[in-house]
Every structure is written in C-alpha cells, then in structure tokens.
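Peer 1: how would this look folded up:
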Amino acid sequence: MILECIASGVAATLFLDLWQQALKAATGLPASNWALVGRWFAGAARGAFFAGPVAQKPSVANERAIGWIGHYLTGIVYGFVYVPLMRHGLGFEPSLLNGLVFGLASVVVPWFFFMPAMGAGMLAKNAPKPIVPCLQAMASHAAFGIGLAVGAMLI
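Peer 2: Got it, this is the predicted structure:
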C-alpha cells in the first residue's frame, strides 16, 4: 500500500501541475509560484507559519527547489490520507468520483490555511479579486483529487 499512496500523491500533483499549465495557456491565469511556496516552507521551518505576505519577504537560497520538493511531498502526504481513508476508513476502492469529492473537500486547506499563510487572507480576501484564486484553488484541487484516484488505480 505504500507504493500505492506514493503513486497516488505523485500522480495527483502531476495532474494539478498539468491543469494549472493548461489553464495558464487557455486563460493567461498564472500557475502557482513555487519559489514563493518555497520561501513560505523555509519560513515555516523557522516557525513563521503566518508571517504576512510571503512575496514581500526576502528571497531564500534555493526557494524554487524547496517549493517544488515541498509541493510534491505535500501531494504524497495527501496520497497517504486518501488511499487508507477510502480503503480502510470508508470501505471504498479509489475511484474517479471519490477522488473528485476528496479533492474538492481538500480545497479547505488552501482557502483557510495556505492562503492566510501566504498573506492573502482567508478565502484570499486580500487579493484584488478574491473569487479568482478561490475558484482556481477549487479547480486545481478537483484535478488533484482525480489524480489521487488515477495514481491509486494504476498500482
């Protein structure tokens, strides 16, 4: 089951990344900035989880690499939640439907934790158009959830 959880998380993260790139190509909306995420991870490692707008903080060495690694490790953690929850907690096999539902439910993490942690506020209330990043997060997490299921079903 360990390989299945890892495959689930990696596939989900790939799905999210591909979705964001497709959305960027189609609409011009920017994909996630993994350097800023890396800057946040570096700050969080020093205990600064909610230290204001991350974009206004000084850059840190290797922040883009830190962001990408943190992004994929986070996806793998989700795989270790999704697969056991479906199989052992709820008694379901991973499927596109329960992956989608899980992914949509998981959007509470960026809305109520990561957006505030990055300095955007809950539900991106500090963004110029809060609905845009909120809908982007929802769509990305839907793609992510489908990826969780696909990754689990491939192993």
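Peer 1: in the protein, what spans have low per-residue confidence?
Peer 2: Within the chain, not a single segment meets pLDDT under 70.
Peer 1: which residues in it form helices?
Peer 2: Under the criterion DSSP state H, helices of the chain are mapped to 2-27, 34-45, 63-84, 96-105, 108-109, 115-118, 131-154.
Peer 1: would TSV of these with mean neighbour count be doable?
Peer 2: For the C-beta atoms, the positions are set from N, CA and C on the backbone; glycine is no exception. TSV is the format used below for the helices of the chain (neighbours: other CB atoms under 10 Å):
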stretch	mean neighbour count
helix 2-27	18
helix 34-45	20
helix 63-84	18
helix 96-105	18
helix 108-109	12
helix 115-118	20
helix 131-154	21
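Peer 1: between the ones you listed, which one is nearest to Pro53?
Peer 2: When the helices of the chain are compared by CB to CB, helix 115-118 sits nearest Pro53, at 7.3 Å.
Peer 1: Show me how far that closest one is from its chain's centre.
Peer 2: Relative to its chain's centre, helix 115-118 lies at 13 Å (CA atoms, centre = their mean, to the nearest Å).
Peer 1: which residues touch that helix?
Peer 2: Outside helix 115-118, the residues that touch it by CB atoms under 8 Å, 6 or more residues apart in numbering are 36-37, 40, 44, 49-50, 53-55, 121-124, 133, 137.
Peer 1: could I get that helix in CSV with only the CA atoms?
Peer 2: What follows is helix 115-118, C-alpha atoms only, in CSV (Å, rounded to 0.1, in the frame of the first residue of the first chain):
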residue,chain,number,x,y,z
MET,A,115,-3.9,31.5,1.5
PRO,A,116,-3.7,33.1,5.0
ALA,A,117,-0.2,31.6,5.5
MET,A,118,0.9,33.2,2.2
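Peer 1: Show the backbone phi and psi for the residue sitting furthest away from the middle of the chain.
Peer 2: In terms of distance from the mean C-alpha position of the chain, Gly91 ranks first, at 25.1 Å (CA atoms, centre = their mean). Backbone geometry at Gly91, expressed as degrees, to the nearest 10, gives phi 80, psi 20.
Peer 1: quick one: it and Ile76, what's the gap?
Peer 2: Distance, Gly91 to Ile76, by CB to CB, to the nearest Å: 23 Å.
Peer 1: Return the residues in contact with Asn98.
Peer 2: 86, 90, 92, 149.
Peer 1: which one of the residues you listed is nearest Trp19?
Peer 2: Among those, Ala149 lies closest to Trp19 (CB to CB), at 14.4 Å.
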